[in-house]
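Chemist: Whatever this is, show me its structure:
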Amino acid sequence: MSSTLGADLLAVVARINRLANQRVRMPVPFAQARLLSTIEDKGEARISDLAALDHCSQPTMTT
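Modeler: This is a model prediction of the structure:
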């Protein structure tokens, strides 16, 4: 894959993600839905494991 194609693909995916976030009304915040989805996919996990999967620190994951 060329670097131009990769950059173009990333830009399109970012636009689709932004559009989906604007159009979908969820009963919980997006970050919480993402975390619940991760737990559903991975099963039980420690806070530090969830933080690593979400690319954040452990203190951030607990707030």
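
Chemist: Once you drop chain neighbours, what's closest to the most centrally placed residue in the chain?
Modeler: Central residue of the chain (C-alpha atoms, centre = their mean): R34, 5.4 Å from the mean position. Spatial nearest neighbour of R34, excluding adjacent residues (C-beta to C-beta, 6 or more residues apart in numbering): D54 at 7.3 Å. Any C-beta I mention is one placed from the backbone N, CA and C, and that applies to glycine too.

Chemist: S57 too?
Modeler: Excluding its sequence neighbours, the residue lying closest to S57 (C-beta to C-beta, 6+ apart) is A51, at 6.0 Å.

Chemist: if I look at the one you found, how far off is S37?
Modeler: A51 is 15 Å from S37, where distance means C-beta to C-beta, to the nearest Å.

Chemist: Looking only at neighbour counts, state which of these two leads.
Modeler: Neighbour tally, A51 and S37, criterion other C-beta atoms under 10 Å: the higher count belongs to A51, 17 against 10.

Chemist: Tell me which residues touch that one, please.
Modeler: S57, Q58, T60, M61 (C-beta atoms under 8 Å, 6 or more residues apart in numbering).

Chemist: wait, doesn't the second one sit right on D49?
Modeler: If I follow you right, that is Q58. No - in this structure, Q58 is not within contact of D49 by C-beta atoms under 8 Å, at 9.6 Å.

Chemist: low-scoring stretches of the protein, by residue?
Modeler: The chain contains residues with pLDDT under 70 at 1-2.

Chemist: All the helices of it, in order from the start?
Modeler: Counting by DSSP state H, one finds helices in the chain at the ranges 3-23, 30-42, 47-53, 58-62.

Chemist: what comes up buried for the shortest one?
Modeler: So the one you mean is helix 58-62. Neighbour counts using 16 or more other C-beta atoms under 10 Å place M61 of helix 58-62 among the buried residues.

Chemist: now it, how far from the chain's geometric center?
Modeler: Here helix 58-62 is found 15 Å from its chain centre; the criterion is C-alpha atoms, centre = their mean, to the nearest Å.

Chemist: Next: stretch 49-63.
Modeler: In terms of C-alpha atoms, centre = their mean, the centre of stretch 49-63 is found 12 Å from the chain centre.

Chemist: Done for today, thanks.
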